[in-house]
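Colleague: Provided below are the primary sequence and the corresponding predicted coordinates.
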Amino acid sequence: MDMDELDTAILRLLLEEPRAGMREYARILGVARGTVQSRLARLERDGVIASFAPRLSPARMGYPVLALVHLHLAQGRLEEVTAQLGGVAEVLEAFSIAGEGDLVCRVVARDNVHLEDVIQQLIKLPGVVRTKTEVALSERVSYRLLPLVSQTVRRREL
C-alpha cells in the first residue's frame, strides 16, 4: 500500500497519542477532521491498522514469566496443532517458522511451575513431537512500530 506523509503522520500520532481523538489529530496536523477520519478508515480497510485495542501487560495481570516455546510437529499436522493452540490461554502468539522446529509460541505463565504445566499441556497436543523452551529474562526492546512508520516514508523518498 502506498502511504504518503499525512498517512505516516497520522500513524505516528496514533502510536504516540492513542487517546487524543480525531479532533485533536486534525488540529495537530492542520487538516480537516473528515480528512483524518477518511485516512484512518482507508488505513484500517487496507489492513495497515490491525486493531484499536489497548496493549495489555500480561505481567501486570499476574503472568510475569515469558517464554518462547518451539514446537516440533509430526509431518502434516501443522493446521491441526495450530487450531488446538487456540485452546491454551497462555499461548499469546504462534508463528510457523523455518529453522528450529515448526512453530514458535510466545507463552506467559504465573511462575516457573505454571510454565512447566503449560509446556506439558503443549507437548500433549496430538501432533506435537517435542518442544524446546527459551525463558525470557528481561525485555530489552519493547514492541514498537514508530521507527518502522518513520522509515516507511524515508524509504519512499530515496
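Modeller: Cool, got the structure.

Colleague: what's the pLDDT at the nearest residue in space to residue 16 that is not next to it in sequence?
Modeller: Spatial nearest neighbour of residue 16, excluding adjacent residues (CB to CB, 6 or more residues apart in numbering): residue 146 at 7.1 Å. Bear in mind the C-beta positions are built from the backbone N, C-alpha and C, glycine included. With respect to pLDDT, residue 146 has a value of 88.

Colleague: How about residue 54?
Modeller: With respect to pLDDT, residue 54 has a value of 88.

Colleague: Give me the number of neighbouring residues for it.
Modeller: 8 (other CB atoms under 10 Å).

Colleague: what are the ranges of the strands in the chain?
Modeller: 65-73, 91-96, 103-109, 128-135 (DSSP state E).

Colleague: one step back: ok, the residue nearest to residue 16 to residue 104 distance?
Modeller: 25 Å (CB to CB, to the nearest Å).

Colleague: Neighbour count for these two, which is higher?
Modeller: Under the neighbour definition other CB under 10 Å, residue 146 and residue 104 were set side by side, and residue 104 has more, 19 against 12.

Colleague: can you pull the contacts of the residue lying closest to residue 6 once chain neighbours are set aside?
Modeller: Nearest non-adjacent residue to residue 6, counting by CB to CB, 6+ apart: residue 39, 6.4 Å away. By CB atoms under 8 Å, 6 or more residues apart in numbering, the residues touching residue 39 are 6-7, 10.

Colleague: Mind doing that once more with 10 Å?
Modeller: Residue 39 makes contact with 3-4, 6-7, 9-11, 25, 29, 31 under the criterion CB atoms under 10 Å, 6 or more residues apart in numbering.

Colleague: Drop anything exposed from those residues.
Modeller: Buried members of the contacts of residue 39, scored by 16 or more other CB atoms under 10 Å, are 3, 7, 9-11, 25, 29.

Colleague: And the residues you listed, which two are furthest apart?
Modeller: The two members of the buried ones among the contacts of residue 39 with the most space between them (CB to CB) are 3 and 25, at 15.9 Å.

Colleague: got a list of what the closest residue to residue 26 other than its chain neighbours touches?
Modeller: Once flanking residues are discounted, residue 26 sits nearest to residue 33: 4.3 Å by CB to CB, 6+ apart. Residues in contact with residue 33 (CB under 10 Å, 6+ apart) are 21-27.

Colleague: could those residues go into TSV alongside pLDDT and distance to residue 128?
Modeller: Formatted as TSV, these follow (pLDDT from 0 to 100; distance: CB to CB, whole Å):
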residue	pLDDT	distance to residue 128
21	91	46
22	93	46
23	95	51
24	95	48
25	96	46
26	96	51
27	95	53
